[in-house]
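[1] Fold the following, please.
(chains A and B)
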2 protein chains.
Amino acid sequence: MNNKNFYNSLNEIKVSFQGERGAYSEEAAYKFFGNKIKLRPCKELSEVFESVASNESDYGIVPVENSLEGIVNQAYDLLLSSPLKICGEIILRIVHCLIAHPTADINSIKAVYSHPQALAQCKNFLKKLGCKVIPFFDTAGSIKMIKEEKAYDAAAIAGKRAAEIYQMKVLVEGIEDQPNNYTRFFVLSKNDSPPTGDDKTSIVFSVKHVPGALYHALEEFAIRNINLTKIESRPTRIAPWEYNFYLDFEGHISEERCKNAIDGLKRKSIFIKVLGSYPKAKP
Amino acid sequence: MNNKNFYNSLNEIKVSFQGERGAYSEEAAYKFFGNKIKLRPCKELSEVFESVASNESDYGIVPVENSLEGIVNQAYDLLLSSPLKICGEIILRIVHCLIAHPTADINSIKAVYSHPQALAQCKNFLKKLGCKVIPFFDTAGSIKMIKEEKAYDAAAIAGKRAAEIYQMKVLVEGIEDQPNNYTRFFVLSKNDSPPTGDDKTSIVFSVKHVPGALYHALEEFAIRNINLTKIESRPTRIAPWEYNFYLDFEGHISEERCKNAIDGLKRKSIFIKVLGSYPKAKP
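    Model (predicted):
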């Protein structure tokens, strides 16, 4: 039974995400859970974490990384202090659309609104279009804004779903410069995810600032032939130029070799936290 | 002879930076070179690189990392493909100021403009102030904008220097939430920097996606007792979820042990590029 079938067999579940209705996170939620979910849009990423921690939602969806831009800093920083577990992973192909009022024509567009990252990812298209480019807080929110403000000579960039939800028109689909544009999301809950045989584990740790410290930490994975899929450093925010390392590796924390690697790492690190084990995203 | 004295002894040198006059990068340029420089503000970060490569400027200043927010993704991505060398490092304490028209009073402020990162770093202050918060392209640019637009009931957030340059008034100085707010800049030129005995080297490399690959790469530094000061991963942008690693370590590329470490790493990596050796920033 895949994710969708499993979650569809449950009673209606509540899923929080950040952004306006129609955001890419909403698309990710449907991809993972199927469509029998109750969505709870949150203004801030921190609210997604809080709503799950306080049982207002069963799950939270947070974007953690884009294949072109890199990690979502704030999501990583929030994972550090949150009591929640990563219980799932979603990979979504990002297809940006130029969206405007149903009556609009591409030649009448004078300004394009969207999140700065989306604007940057459609740079070539926007250059050719040659109109004013204006940053906005988020993608789907920019569609909502041009609708509510009755900005008939403006367009905005977001996913197709945003056009459907706000009953606006897709003028051009797939306007991103690079096709290998994917966003990776984590599914957060209060509970661990059981092993499936094809899992990943995410941890965060820090080591003393001495030569070889990171090398000796990684040894615990290398000697057990555990494949690292990602390593990321983030400022601790406590002291400048000191870092926490976020590590993703193949395997579930309940597996013997993974457990032993974590035990070994504990002896070599100042601090370590297991963020969760979860089934690998299906492409 | 320190940096400033050395550069002051040269004929007037041309220095490019990204942003409007009064940007933090401009402050960094003066800190490093002293005040006998000719500044060349660039609209885009890529123009800073281009202006040095084409000899329009002698040096370029680029922000690479903030102690709270992490790296400047675009700067790292541009370093990868640029022929320029990192020849210097600057660390600047970031002091955000609330700036408005000379006639303005803090009680009359209805909206605050700035770069989203500066707004985020002054969240607590802005919450207490309780007015509309509007993202803008850059910090100093937001000061220039409220001046030119004659927005008498608006303020903007930038460094003190921006207030001086645009003849605006600092309403409140030091409004950032966290005091350990520093930005690290690289100085770029066409030439290598000679060893000083207290240097750092920056490189970028990639390894095969097999278990232990990064561990074996770091071995070259650990066995030579070379201290790593930073490791950062960035998407290759060629294939999703594949990464280049950016590494900073103590020592100059002309030192025997550093040369040997690089030679060792060459045998273990798919790709490697030395970005430059440079004197460590003085705090």
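[2] Now for the residue lying closest to A:Thr196 once chain neighbours are set aside, how many residues are close by?
    Excluding the flanking residues, the one nearest A:Thr196 by Cβ to Cβ, 6 or more residues apart in numbering or on different chains is A:Pro279, at 4.6 Å. C-betas here are computed from N, CA, C, even on glycine. A:Pro279 has 20 neighbouring residues, counting by other Cβ atoms under 10 Å in any protein chain shown.
[3] Pretty sure A:Pro279 sits against A:Gly88.
    Yes: using Cβ atoms under 8 Å, A:Pro279 is in contact with A:Gly88, at 6.7 Å.
[4] Which single residue in the stretch 51-200 of chain A comes nearest to chain B?
    A:Ser67 (3.6 Å; Cβ to the nearest Cβ).
[5] residues in contact with the residue nearest to that residue when sequence neighbours are not counted?
    Spatial nearest neighbour of A:Ser67, excluding adjacent residues (Cβ to Cβ, 6+ apart): B:Pro240 at 3.6 Å. With contact set as Cβ atoms under 8 Å, 6 or more residues apart in numbering or on different chains, B:Pro240 has these partners: A:67, A:180, A:182.
[6] that's a strand at B:Pro240, yeah?
    No: read with DSSP: H, G, I helix; E, B strand; the rest coil, B:Pro240 is coil and lies in no strand.
[7] how far away is it from A:Ile91?
    8 Å (Cβ to Cβ, to the nearest Å).
[8] intersection of neighbour lists for the two?
    A:Tyr182.
[9] give me the element the most centrally placed residue in chain A is part of.
    Nearest to the mean C-alpha position of chain A, by Cα atoms, centre = their mean, lies A:Pro63 at 1.1 Å. Using DSSP states H and E, A:Pro63 falls within strand A:59-66.
[10] Report the distance from that strand to the chain centre.
    The chain centre lies 3 Å from the centre of strand A:59-66; the measure is Cα atoms, centre = their mean, to the nearest Å.
[11] contacts for that strand?
    In contact with strand A:59-66 (Cβ under 8 Å, 6+ apart) are residues A:13-18, A:24-25, A:28-29, A:32-33, A:45, A:48-49, A:51-52, A:71-72, A:75-76, A:78-79, A:84, A:87-88, A:90, A:94, A:117, A:181-189, A:230, B:235.
[12] Keep only those of those that are in helices.
    Judged by DSSP state H, the subset of the contacts of strand A:59-66 located in helices is A:24-25, A:28-29, A:32-33, A:45, A:48-49, A:51-52, A:75-76, A:78-79, A:117.
[13] where does the stretch 51-200 of chain A have low pLDDT?
    Counting by pLDDT under 70, the stretch 51-200 of chain A contains no low-confidence range.
[14] got the residues of it near chain B?
    A:66-70, A:73, A:116, A:135, A:137, A:178, A:180, A:182, A:184 (Cβ under 8 Å from any Cβ of the partner chain).
[15] Just the C-alpha atoms of stretch A:202-209, please, in PDB.
    In PDB, the C-alpha atoms belonging to stretch A:202-209 read as follows (Å, rounded to 0.1, in the frame of the first residue of the first chain):
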ATOM      1  CA  SER A 202      18.100  12.900   9.200                       C
ATOM      2  CA  ILE A 203      20.300  14.000  12.100                       C
ATOM      3  CA  VAL A 204      21.900  17.200  13.300                       C
ATOM      4  CA  PHE A 205      25.100  17.400  15.300                       C
ATOM      5  CA  SER A 206      28.100  19.600  16.200                       C
ATOM      6  CA  VAL A 207      31.700  18.800  16.900                       C
ATOM      7  CA  LYS A 208      34.600  20.500  18.700                       C
ATOM      8  CA  HIS A 209      36.500  23.000  16.700                       C
END
